[in-house]
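> what follows is a protein structure lacking sequence information:
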């Protein structure tokens, strides 16, 4: 389910299509899946401590409830492409929206901890689908000259979704007098936090009624006249629609459906380039970035910050995440992928080291000393900033460009799977590690940030300015 049309060389200045506003609307509607991806991924941050208290569970069990959604993510991502090729991109989006809605209602009204875990798996499946379908659909409906910029809508929607979830959580907490288990209209505050996702989920479903099916899918199922109509809505009026249809059809017929066997090398079972992709994916997660989105409220409360302030800091962190992402989007084609990755690694390593130092201080009356508390807060925001302006965006750019055409789809699947696994490892292990030694936990993340520097220097090749065909 990949698009073979390419972005023209950077030196070209293609005129904007007459229907650019319509194309932007279509792209923004599809990117709502990314918004839900970000929202659902981080909304649990506001409910962690309340779930621990409500069901009286330990750190290990709590971690599994938080991390279990990632199992659904992996399944959803692995199956979304096949589902979309069979029933279409729009129907796949509607399934995702329906699952998001059901998951939100179920998570807000669980009977017990096991019930909550099931709803989180369902929500995870929807996340996995959204993470695949949105970018693919946007690539297939975007005019070639605007594909890169329109494709960035997905990542922008994800970070906005993270920020909005934290803002909503903060607002609900204020209405509940600062208590995560405070009552609001018969439900506890954390239940409202999880349930509010019904609103954007329903909006996502409604928006799918207003956007067209992908012309690539329509051509694949023989609905050529419908495909021409869609192409006429998104391309310039002087485009030869018959030629565009023939081009898309020819490209699909020529595509090599890469399989797992294509990735095998003479050593370690995978080709070296596949191992590099796996390494990039794993380093992106092993620096502990999702601790900032899943557990930040819990983290700050554990060192004496009150719930209201901890939720506010979670929100400010998500704003920093947006700022860093915008910086990366501006710089990634100007300074290159590799320099950004190296700057990000160095910045994250320093910030994480300061966090480790701050958390090593003994608590005084359940709180960090003023100096260490201030350093911890600043370092946490700096860490997210350096991640967002580098690895948060650069890894996805690398993975989309670094693999040879004949193995790109299969290699991307393996690298994405490695990323979900690493994400699960960090998410599932943090509560137990934090109980063991919070400072030691951040030392581990610091080590991974430091190790990512020689990894990038030695094994990762710059892809800036190279065509996909030059990748082999």
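Sure thing, it's come through. In this text, all values refer to a predicted model and were calculated from it rather than measured experimentally.
> low-confidence ranges, the stretch 101-250 of the chain, go.
144-145, 147-149 (pLDDT under 70).
> quick one: the strands in it?
Secondary structure of the stretch 101-250 of the chain (DSSP state E, counting those that start in this stretch): strands at 183-184, 187-188.
> partners of the first one in the sheet?
Taking DSSP bridges as the criterion, strand 183-184 pairs within the sheet with strand 187-188 (antiparallel).
> quick one, grab the pLDDT at the residue in the chain sticking out farthest from the centre.
For the chain, the largest distance from the centre (C-alpha atoms, centre = their mean) belongs to residue 365, which lies 37.8 Å off. Note for residue 365: predicted pLDDT of 79.
> that one and residue 328: what is the separation?
41 Å (C-beta to C-beta, to the nearest Å). In short, each C-beta sits where N, CA and C put it, glycine included.
> likewise for residue 54?
Taking C-beta to C-beta as the measure, residue 54 falls 38 Å from residue 328.
> neighbour count for those two, which is higher?
residue 328 (23 against 18; other C-beta atoms under 10 Å).
> tell me the contacts of that one?
340, 388-390, 392-394 (C-beta atoms under 8 Å, 6 or more residues apart in numbering).
> the stretch 51-200 of the chain: helices as residue ranges?
Applying DSSP state H, counting those that start in this stretch to the stretch 51-200 of the chain gives helices spanning 59-67, 69-87, 89-108, 113-141, 147-175, 189-195, 198-207.
> the inter-axis angle of the third one versus helix 69-87?
It stands for helix 89-108. Angle between the axes of helix 89-108 and helix 69-87 is 150 degrees (criterion: axes from the mean of the first three to the mean of the last three C-alpha atoms, to 10 degrees).
> report the angle between the axes of helix 89-108 and helix 198-207?
160 degrees.
> and helix 89-108, which residues are buried?
Using 16 or more other C-beta atoms under 10 Å as the test for burial, helix 89-108 gives 89-90, 92-97, 99-104, 106-108.
> pretty sure residue 134 contacts residue 35?
No. Counting by C-beta atoms under 8 Å, residue 134 does not reach residue 35; the two are 9.4 Å apart.
> just say which of the strands of the stretch 101-250 of the chain is most tucked in.
Neighbour counts (mean count of other C-beta atoms under 10 Å) averaged over each of these peak at strand 187-188, with a mean of 16.
> as a markdown table, the helices of the stretch 51-200 of the chain with distance to residue 320 would be great.
A markdown table is the format used below for these (distance: least, C-beta to C-beta, whole Å):
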| stretch | distance to residue 320 |
| --- | --- |
| helix 59-67 | 22 |
| helix 69-87 | 24 |
| helix 89-108 | 26 |
| helix 113-141 | 22 |
| helix 147-175 | 9 |
| helix 189-195 | 21 |
| helix 198-207 | 22 |
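> for residue 420, find the nearest of those.
helix 69-87 (4.4 Å; C-beta to C-beta).
> how far off centre is the closest one?
Put simply, helix 69-87 sits 15 Å off its chain's centre (C-alpha atoms, centre = their mean, to the nearest Å).
> so which of the helices of the stretch 51-200 of the chain comes closest to residue 245?
helix 113-141 (13.2 Å).
> are there residues contacting both of residue 134 and residue 35? Which ones?
residue 157.
> among the contacts of residue 328, name the ones in helices.
The helices, defined by DSSP state H, take in 340, 388, 392-394 from these.
> about what we covered before: quick check, nearest of the contacts of residue 328 to residue 311?
Once C-beta to C-beta is applied, the member of the contacts of residue 328 that ends up nearest residue 311 is residue 388, at 20.0 Å.
> give the helix, strand or coil label for the closest residue to the closest one other than its chain neighbours.
Nearest residue to residue 388, sequence neighbours excluded (C-beta to C-beta, 6 or more residues apart in numbering): residue 324, at 2.6 Å. Going by DSSP: H, G, I helix; E, B strand; the rest coil, the secondary structure assigned to residue 324 is helix.
> report the angle between the longest helix along the chain and helix 113-141.
Criterion DSSP H: the longest helix present in the chain is helix 408-459. Angle of helix 408-459 versus helix 113-141, following the same axes, to 10 degrees, is 90 degrees.
> and helix 408-459, average pLDDT?
In the prediction, helix 408-459 has an average pLDDT of 89.
> tell me what that helix is packed against?
helix 59-67, helix 69-87, helix 272-286, helix 289-294, helix 296-302, helix 337-359, helix 391-401 (3 or more C-beta pairs under 8 Å, 6 or more residues apart in numbering; DSSP states H and E).
> so for residue 116, which of the ones you listed sits nearest?
Nearest to residue 116, of all these, is helix 59-67, at 6.3 Å by C-beta to C-beta.
> can you list the buried residues in the closest one?
Applying 16+ other C-beta under 10 Å to helix 59-67 flags 59, 61-67 as buried.
> and for stretch 133-146?
Buried residues in stretch 133-146, counted by 16+ other C-beta under 10 Å: 133-143, 145-146.
> in these, find the pair that's most separated.
Of all pairs in the buried residues of stretch 133-146, the most separated under C-beta to C-beta is 133 and 145 at 23.1 Å.
> nearest spatial neighbour of residue 242, skipping sequence neighbours?
Residue 242 sits nearest to residue 228 (C-beta to C-beta, 6+ apart), 7.8 Å away.
> wait, doesn't the one you found sit right on residue 245?
Yes. The criterion here is C-beta under 8 Å, and residue 228 meets it with residue 245 at 6.2 Å.
> what do these two both touch?
residue 215.
> roughly how far apart are the closest residue to residue 441 other than its chain neighbours and residue 426?
Nearest residue to residue 441, sequence neighbours excluded (C-beta to C-beta, 6+ apart): residue 433, at 4.2 Å. Here the criterion is C-beta to C-beta. By it, residue 433 lies 9 Å from residue 426.
> neighbour count winner among these two?
residue 426 (24 against 20).
> who are the contact partners of the more buried one?
So residue 426 contacts 285-286, 288, 290-291 (C-beta under 8 Å, 6+ apart).
> cool, residue 361 as well?
Counting by C-beta under 8 Å, 6+ apart, residue 361 has contacts 368-369, 372.
> dump the residues you listed to CSV, plus neighbour count, secondary structure and distance to residue 191.
Shown next, in CSV, are the contacts of residue 361 (neighbours: other C-beta atoms under 10 Å; DSSP: H, G, I helix; E, B strand; the rest coil; distance: C-beta to C-beta, whole Å):
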residue, neighbour count, secondary structure, distance to residue 191
368, 23, coil, 31
369, 14, coil, 36
372, 21, helix, 34
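> pLDDT check: weakest of those residues?
Here the lowest pLDDT out of the contacts of residue 361 sits on residue 368, with 85.
> surely that residue is in contact with residue 301?
No. Counting by C-beta under 8 Å, residue 368 sits too far from residue 301 to count as a contact (11.8 Å).
> give me the neighbour count for residue 171.
Neighbour number of residue 171 under other C-beta under 10 Å is 15.
> kindly report the same for residue 358.
The number of residues packed near residue 358 is 24, by other C-beta under 10 Å.
> what's the answer for residue 297, then?
Neighbour tally, residue 297, other C-beta under 10 Å: 29.
> ok, it to residue 90 distance?
In terms of C-beta to C-beta, residue 297 sits 36 Å off from residue 90.
> how about residue 396?
24 Å.
> ok, residue 303 next?
In terms of C-beta to C-beta, residue 303 sits 47 Å off from residue 90.
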